[in-house]
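Undergrad: turn this into a structure:
(one chain, ligands or ions: 1)
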Amino acid sequence: MKDPDMTYTLANGIQIPAIGLGTWQTPDGEIAANAVKDAIEVGYRHIDTAQAYGNERSVGEGIRRSGIKREELFVTTKLTNDNHTYELMMSSFEQSLKDLGLDYVDLFLIHWPNPLNFRDRWQKANAEVWKAMEELYKDGKIRAVGVSNFKQHHLEALFDTAEIMPMVDQIRLCPGCTQDELVRFARKHGMILEAYSPLGTGKVFDSVEVHGIADKYGKSIAQVCLRWSLQMGFLPIPKSVNKERMAANKDVFDFELSDDDMEYLTGLHEIAGGAPNPDNMPF
Ligand SMILES: NC(=O)c1ccc[n+]([C@@H]2O[C@H](COP(=O)([O-])OP(=O)(O)OC[C@H]3O[C@@H](n4cnc5c(N)ncnc54)[C@H](OP(=O)(O)O)[C@@H]3O)[C@@H](O)[C@H]2O)c1
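TA: As a prediction, this is how the structure comes out:
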């Protein structure tokens, strides 16, 4: 694992860059546009956004400003919780493309399995949305399909009607939050695990334990957590709006955490908060 341009291969053969830029809480407007442009300048080729982040337009603006060729970039967006019907999936997807200024996305995810407005019929809602996603996939408008925050029972329900299996589950994964059973199940079904909040949304920086490991390797806390994520076989998508931090977060291919340190970091339970319960979210 020494290649800064490392990729994973999705179940349909598509390559996905092994580190992506997160954009949740990256404010719409100049901040998001510059963050995306800066990330591409320092070598990111994978950007993660969502309808719910309200910044797809600025993400698109950042992509255009970077001047990068479309085919060199991997762009993910996600369906927001209000849009869990076939029609709303289709219309909101068109709006996402328009806002991003793209004619296809590389990966499209159902953001949450059990939105509040569909809680009494989430299985049917996900099946409908998935059917629309499969059509868009077959039309070439989505290069890979996946889910986010899905637990085993949400995946099993989706499998009842899915023709194409999800290729990704994007879930909360960071030292101390490893969701082992779900990871095993998703892998058994051919999914790549994307690690969202790989820095615990900033909480890892308060951990004296991670600090100790970082000192030992002469690396930053963020670099240790991101290296841990890659050695776990996850695909981390750290968020930053700071160009130097973005560059440092990608610079994790010149050291290796020992087996003992991997185990230690894995066992730091709840240093950065546990995984959310998607059946209980207030949205
Ligand atoms: N699917 C979902 O439901 C879901 C949920 C949560 C997140 N996500 C995705 O995962 C991405 C990442 O997760 P996250 O946004 O929760 O947080 P994160 O990446 O775990 O942490 C981001 C925080 O760490 C700071 N930071 C980043 N690099 C740093 C460094 N090298 N040194 C010091 N501070 C650093 C950032 O501040 P600065 O920006 O100031 O550097 C920010 O405050 C999101 O942006 C989003 O794309 C998805």
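Undergrad: for the ligand, what are the nearby residues on this structure?
TA: Residues of the chain lying close to the ligand (Cβ under 6 Å from any ligand atom) are 22-25, 48, 111, 148-149, 170, 196-202, 205, 220, 222, 237-242, 245, 248-249. C-beta here means a position set from N, CA and C on the backbone, and glycine is covered the same way.
Undergrad: which of the residues you listed are buried?
TA: 22-23, 48, 111, 148-149, 170, 196-201, 220, 222, 237-241, 245, 248-249 (16 or more other Cβ atoms under 10 Å).
Undergrad: among the residues you listed, which ones are in strands?
TA: Counting by DSSP state E, those place 22, 48, 148, 170, 196 in strands.
Undergrad: ok, the fourth one touching residue 146?
TA: It refers to residue 170. Yes - shown here, residue 170 and residue 146 form a contact pair, counting by Cβ atoms under 8 Å, at 6.9 Å.
Undergrad: which residues do those two both contact?
TA: residue 109 (Cβ atoms under 8 Å, 6 or more residues apart in numbering).
Undergrad: all strands for the stretch 101-250 of the chain, in order.
TA: For the stretch 101-250 of the chain, applying DSSP state E, counting those that start in this stretch gives strands covering 107-110, 145-148, 168-172, 192-196, 235-236.
Undergrad: ok, which pair from the ones in strands among the buried ones among the residues of the chain next to the ligand is furthest apart?
TA: Maximum pairwise distance among those (Cβ to Cβ): 12.2 Å, between 22 and 148.
Undergrad: if I look at these two, which residues touch both of them?
TA: In contact with both residue 22 and residue 148: residue 196, using Cβ under 8 Å, 6+ apart.
Undergrad: nearest residue to the residue lying farthest from the centre of the chain other than its sequence neighbours?
TA: Distance from the C-alpha centroid of the chain peaks at residue 216, with 28.9 Å (Cα atoms, centre = their mean). What sits nearest to residue 216 in space, not counting adjacent residues and going by Cβ to Cβ, 6 or more residues apart in numbering, is residue 261, at 7.6 Å.
Undergrad: is it true that the one you found touches residue 215?
TA: No - the criterion here is Cβ under 8 Å, and residue 261 misses it with residue 215 at 11.9 Å.
Undergrad: looking at these two, which is more packed in?
TA: residue 261 (18 against 11; other Cβ atoms under 10 Å).
Undergrad: quick check: the more buried one vs residue 6, distance?
TA: 20 Å (Cβ to Cβ, to the nearest Å).
Undergrad: before we move on, what about residue 170?
TA: For residue 170, the distance to residue 6 - Cβ to Cβ - is 18 Å.
Undergrad: let's see the pLDDT reported for residue 270.
TA: Note for residue 270: predicted pLDDT of 74.
Undergrad: what is the neighbour count of the residue lying closest to it once chain neighbours are set aside?
TA: Leaving aside its sequence neighbours, residue 270 sits nearest to residue 176 (Cβ to Cβ, 6+ apart; 5.7 Å). By other Cβ under 10 Å, 22 other residues sit near residue 176.
Undergrad: with the one 10 residues further on instead?
TA: Counted with other Cβ under 10 Å, the burial measure for residue 186 works out to 23 neighbours.
Undergrad: try residue 92
TA: 18.
Undergrad: how far away is it from residue 179?
TA: Distance from residue 92 to residue 179, by Cβ to Cβ: 28 Å.
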